[in-house]
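J.: Quick check, what structure comes out for this input:
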Amino acid sequence: MSEEKMKVPLFDGHYYDHWSELMENLLRSKGLWSLVENGFEEPTAEALLTEAQREQLEDARAKDHKVKRYLFQAIDGVTFEQILDRRTAKNVWESMKSKFRGNDRESIVKASRSILFELWQ
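T.: Okay, here's the model as predicted:
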């Protein structure tokens, strides 16, 4: 399948662990995962950069915007509004991870406990 035809996995607020695996694989296949994993450093305003450093920074910024585009394509408006820090792809990913990771497991455990409680009644 060509890269242009690869579909971005959609996240509907459920099954975060499954979605994050799919999204990680997509980003790894495009050579972009390191921006989620490690992020990148914005230099201070007074930092003097060489031409090579400026080019590296511009490349990192462009790739970061590309990752954010994939992430924003994957979520709906409600989820988007819940992400308070959208400055970098790493921030977006970490925000989603802290908000949604494990929610489905907790729901399943609560539902199982509820069913077991009703059965013992």
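J.: I figured Asn91 hits Ser98, correct?
T.: No. If you go by Cβ atoms under 8 Å, Asn91 and Ser98 don't touch, sitting 10.7 Å apart. C-betas here are computed from N, CA, C, even on glycine.
J.: quick one, which of these two is more surrounded?
T.: More crowded of Asn91 and Ser98, by other Cβ atoms under 10 Å: Asn91, with 17 against 9.
J.: check contacts around that one.
T.: By Cβ atoms under 8 Å, 6 or more residues apart in numbering, Asn91 lies in contact with Gly39, Asp85.
J.: Now with 7 Å, please.
T.: Each residue near Asn91 by Cβ atoms under 7 Å, 6 or more residues apart in numbering is listed here: Asp85.
J.: separation between the spatially most central residue of the chain and Arg69?
T.: Centroid-nearest residue in the chain: Trp93, 3.1 Å away (criterion: Cα atoms, centre = their mean). The spacing between Trp93 and Arg69, counted by Cβ to Cβ, to the nearest Å, is 13 Å.
J.: Then Glu24?
T.: Taking Cβ to Cβ, one finds Glu24 at 16 Å from Arg69.
J.: neighbour count winner among these two?
T.: Glu24 (15 against 12).
J.: Go ahead and confirm the more buried one touches Trp33.
T.: Yes. Look at Glu24 against Trp33 with Cβ atoms under 7 Å: they come within range, at 6.3 Å.
J.: Going by neighbour count, which residues of the longest helix seen in the chain are buried?
T.: Using DSSP state H to define each element, the chain has its longest helix at helix 51-74. Using 16 or more other Cβ atoms under 10 Å as the test for burial, helix 51-74 gives Leu57, Ala60, Lys63, Asp64, Val67, Lys68, Tyr70, Leu71, Ala74.
J.: likewise stretch 74-88?
T.: Ala74, Ile75, Thr79, Ile83, Thr88.
J.: Please list all residues in contact with the nearest residue in space to the second one that is not next to it in sequence.
T.: Excluding the flanking residues, the one nearest Ile75 by Cβ to Cβ, 6 or more residues apart in numbering is Phe11, at 5.3 Å. With contact set as Cβ under 7 Å, 6+ apart, Phe11 has these partners: Trp19, Ala74, Ile75, Thr79.
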